[in-house]
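*Asks:* Fold the following for me, if possible:
(one chain, ligands or ions: 1)
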Amino acid sequence: MKIVHTKHDVRDAVAAARAEGKSIGLVPTMGALHEGHLSLVSTAAAECDFVIVSIFVNPTQFGPGEDLERYPRDLQGDAAKLQPAGADLIFAPDPEQMYAEDACTVVSVGSLIEGLCGAHRPGHFDGVTTIVCKLFNIVQPDRAFFGRKDYQQLVVIRRMARDLDMPVKVIGLPTVREADGLALSSRNAYLSDEQRAAAPKLHQALQAGVGAARGGATGAQVERVVRDALAQEPLFDVQYVQAVDANTLQPLGEGTGPMAIAAAAYLGKTRLIDNVAVED
Ligand code: PAF
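*Replies:* Sure thing, here's the model as predicted:
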């Protein structure tokens, strides 16, 4: 497994793999890798001949006052995990490599970014789609792998690829959880012991919503069930709870049917997100 830092070196490696008839898989990450990322990499390795993992803490997707500076960075530690997971190449550029000083082009995916996290993190998804578009252009993968934990991100990237005719299959894989249900996230490392003990209650509250939805509750009723469950834990500062149509991400309100139930809540300064799907 090689580590490269420039677009030029990635393109050379991709050209060499293509010349051998290999298919290319891409797993975009911001590093601080955990089992959730590694499950994306091992699936990519099972489905593609040559797997590239990008590690780039993308400044344009962080808002003012967010954790860009303190976001955990550990390239050597990440590399040690990626080799056994089946990665062939790590692309770890610095910001200057990815953004020209006078870069002014932004990829933005309309209505899908208005709700959920998009409503609370202005500019975040424009940063995500712009960097992912650039990574797709640099790597030109056959398949790209993302976790369902960032459900809105997955839907937004899929739509970008479809709308802009990007020749890549965007694949979403299940959220990997701790034994107590907490979704794995690089930001879990910020939690104190007390906050860590409270954190799984986010998933438990969403599961209560699933139970209500399966019993025929409307989107609005499901949201109330989840909010009531979250209110039992005084450490949570809830940012949003929404039951949305799983494809359009529009709030269901008094409607029922297949839905994604998503929530964001702070524990201290750490923002946790999670979501669950309710099929018909
Ligand atoms: O999910 C992430 O880690 C990031 O948003 C991504 C997709 C790597 C883009 O920077």
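
*Asks:* Could you check how far residue 235 is from residue 252?
*Replies:* As judged by Cβ to Cβ, to the nearest Å, residue 235 and residue 252 stand 28 Å apart. (Glycine included, C-beta is placed from N, CA and C.)

*Asks:* Kindly report the same for residue 217.
*Replies:* Separation of residue 217 from residue 252 (Cβ to Cβ) stands at 10 Å.

*Asks:* higher neighbour count, those two?
*Replies:* For residue 217 versus residue 252, neighbours defined as other Cβ atoms under 10 Å are more numerous around residue 252 (24 against 19).

*Asks:* list the contacts for that one?
*Replies:* 218-220, 222, 243-245, 259 (Cβ atoms under 8 Å, 6 or more residues apart in numbering).

*Asks:* Not counting residues beside it along the chain, what's closest to it?
*Replies:* residue 219 (2.7 Å; Cβ to Cβ, 6 or more residues apart in numbering).

*Asks:* Pretty sure the one you found sits against residue 251.
*Replies:* Yes. Counting by Cβ atoms under 8 Å, residue 251 is a contact partner of residue 219 at 6.3 Å.

*Asks:* which parts of the stretch 51-200 of the chain sit against the ligand?
*Replies:* Residues of the stretch 51-200 of the chain found near the ligand (Cβ under 6 Å from any ligand atom) are 58, 61, 128, 131-132, 150, 153.

*Asks:* Mark which of the residues you listed are part of helices, please.
*Replies:* Of these, the ones assigned to helices by DSSP state H are 128, 131-132, 153.

*Asks:* Where does the prediction get shaky in this structure?
*Replies:* 280 (pLDDT under 70).

*Asks:* all helices for it, in order.
*Replies:* Using DSSP H, helices in the chain cover 7-19, 35-47, 75-85, 95-98, 116-120, 124-139, 151-163, 193-198, 200-214, 219-231.

*Asks:* Mean neighbour count for those helices - can I get that in CSV?
*Replies:* Formatted as CSV, the helices of the chain follow (neighbours: other Cβ atoms under 10 Å):
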stretch, mean neighbour count
helix 7-19, 15
helix 35-47, 20
helix 75-85, 15
helix 95-98, 13
helix 116-120, 19
helix 124-139, 21
helix 151-163, 20
helix 193-198, 14
helix 200-214, 20
helix 219-231, 19
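
*Asks:* Nearest to residue 274, out of those?
*Replies:* Nearest to residue 274, of all these, is helix 200-214, at 5.1 Å by Cβ to Cβ.

*Asks:* Nearest spatial neighbour of the closest residue to the ligand within the stretch 151-280 of the chain, chain-adjacent residues omitted?
*Replies:* Closest contact between the stretch 151-280 of the chain and the ligand, by Cβ to the nearest ligand atom, is at residue 153 (5.8 Å). In space, and not counting its chain neighbours, residue 153 is closest to residue 128: 5.9 Å by Cβ to Cβ, 6+ apart.

*Asks:* From residue 152, how far out is the one you found?
*Replies:* Using Cβ to Cβ, residue 128 is found at 10 Å from residue 152.

*Asks:* cool, residue 80 as well?
*Replies:* From residue 80 to residue 152 the distance is 31 Å (Cβ to Cβ).

*Asks:* Isn't the residue nearest to residue 153 up against residue 157?
*Replies:* Yes. Under the criterion of Cβ under 8 Å, residue 128 makes contact with residue 157 at 7.4 Å.

*Asks:* Now for those two: what residues contact both?
*Replies:* Counting by Cβ under 8 Å, 6+ apart, residue 128 and residue 157 have no common neighbour.

*Asks:* For the residue most central in space within the chain, list the residues it contacts.
*Replies:* By Cα atoms, centre = their mean, the chain has its centre lying nearest to residue 150, at 3.6 Å. Residue 150 is in contact with residue 273, counting by Cβ under 8 Å, 6+ apart.
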